[in-house]
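Novice: Show me how the following folds:
(one chain, ligands or ions: 2)
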Amino acid sequence: MTDDHCIFCKIITGKIPSRKVHEDEQVFAFHDIAPWAPIHFLIIPKWHLPSMAQLAPEHAGLMGHMMTLAPKLAAQEGCKPYPDGGFRIVVNTGAEGGQEVHHLHMHVMGGPRPWLRG
Ligand code: AMP
Ligand code: ZN
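Specialist: Ligands and ions are numbered 1, 2, ... in the order given. Model (predicted):
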């Protein structure tokens, strides 16, 4: 279920500390350590899944849960409502997709501009 060498698996099990935003049976969400935007957190599955490239039909429920949870957590963390506020979702996949940590994660970014990146 978890990978001993994976930094995000260590965050899920508490071996590496994080600033938790949300946890349920399927996902863990925590603030990004190097935020690009005033609000920047990550939503990850609670079991090791390297990237979106490994997704199969059985993951539809998980991905649907992550997508529908993101707006709720964005509002909870202070993103202003759509359309004046809003948020950005990014899922980097593979080296050319800009992925550095190989445990699937959804970046959720928001807050007043300008942002550091993105
Ligand atoms: P990516 O480039 O899409 O793989 O993004 C990985 C993200 O994980 C980056 O935005 C990092 O700042 C973030 N990150 C790496 N280590 C930690 C950590 N220990 N706690 C929180 N965020 C982290
Ligand atoms: Zn992992």
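Novice: could you say what helices and strands the longest strand anywhere in the chain packs with?
Specialist: Across the chain, the longest stretch assigned as strand under DSSP state E is strand 39-45. Under the contact criterion of 3 or more Cβ pairs under 8 Å, 6 or more residues apart in numbering; DSSP states H and E, strand 39-45 touches helix 7-12, strand 27-31, helix 60-76, strand 106-110. For the C-beta atoms, the positions are set from N, CA and C on the backbone; glycine is no exception.
Novice: State the mean pLDDT of the first one.
Specialist: If I follow you right, that is helix 7-12. Mean pLDDT, helix 7-12: 98.
Novice: what's next to the following helix or strand past it, contact-wise?
Specialist: Next helix or strand after helix 7-12 toward the C-terminus (DSSP states H and E): strand 20-23. Strand 20-23 is contacted by residues Phe28, Ala29, Phe30, His31, Phe41, Ile43, Lys46, Leu69, Leu73, Gln76, Glu77 when judged by Cβ atoms under 8 Å, 6 or more residues apart in numbering.
Novice: do stretch 11-20 and ligand 1 meet at all?
Specialist: Yes. Counting by Cβ under 6 Å from any ligand atom, ligand 1 has neighbours in stretch 11-20: Ile16, Ser18.
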